[in-house]
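Participant: With the sequence up front, the predicted model follows.
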Amino acid sequence: MHKIGLLCGREYSFPPAFLARVNELGKKDGVAGEFVKLVGTRMGEPSGYRVIVDRISHEVEYYRGYLKHAVLQGAYVINNPFWWTADDKFFNYAVASKLGIAIPKTVLLPQKGLLMT
């Protein structure tokens, strides 16, 4: 049995429709869909999913770590969790600057709740 996991937030229509369709189409091939169940992630432990569809890790840091680990354990993740790191404008500007490419003056500031007084 291959499992497809769905990792999502408080969506109302897509998750149940997606899982119902996966279960309907996958039944004959031994494929089942379910919401991803997380209670903690142990290093080296398989995720239990062949494929994970990610719709929320851009908002929750723990999910990004879990998904990256799941990839290392052999799962396929749709909506690449590594892209979040690659799409870092400050880092990209720093690399461009090191390469001698002209960039605008740039400052990275913490969010308001993290400012130290």
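Facilitator: It's in.

Participant: Rank the helices and strands of the protein by mean pLDDT and give me the bottom one.
Facilitator: The least trusted helix or strand in the chain, going by mean pLDDT, DSSP states H and E, turns out to be helix 83-86, with a mean of 74.

Participant: Show me where the protein has its helices.
Facilitator: Assigned by DSSP state H, the chain shows helices spanning 14-26, 61-72, 83-86, 89-98.

Participant: what's next to the longest one, contact-wise?
Facilitator: This points to helix 14-26. 2, 4, 6, 8, 31, 32, 33, 34, 35, 53, 55 (CB atoms under 8 Å, 6 or more residues apart in numbering). Bear in mind the C-beta positions are built from the backbone N, C-alpha and C, glycine included.

Participant: buried stuff in that helix?
Facilitator: For helix 14-26, burial by neighbour count (16 or more other CB atoms under 10 Å) applies to 15, 18, 19, 22, 26.

Participant: pLDDT of that helix, averaged?
Facilitator: Mean pLDDT, computed over helix 14-26, is 97.

Participant: hey, C-alpha coordinates of that helix in CSV?
Facilitator: Output of helix 14-26 as CSV, limited to C-alpha atoms (Å, rounded to 0.1, in the frame of the first residue of the first chain):
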residue,chain,number,x,y,z
PHE,A,14,-9.8,21.3,-1.5
PRO,A,15,-8.6,18.8,1.1
PRO,A,16,-11.6,16.5,1.3
ALA,A,17,-12.2,16.6,-2.4
PHE,A,18,-8.5,15.8,-3.1
LEU,A,19,-8.4,12.9,-0.7
ALA,A,20,-11.7,11.5,-1.9
ARG,A,21,-10.4,11.6,-5.5
VAL,A,22,-7.0,10.0,-4.6
ASN,A,23,-8.8,7.2,-2.7
GLU,A,24,-11.3,6.7,-5.5
LEU,A,25,-8.7,6.5,-8.3
GLY,A,26,-5.9,4.8,-6.3
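
Participant: Show me the shaky parts of this structure.
Facilitator: Low-confidence segments of the chain (pLDDT under 70): 87, 111-117.
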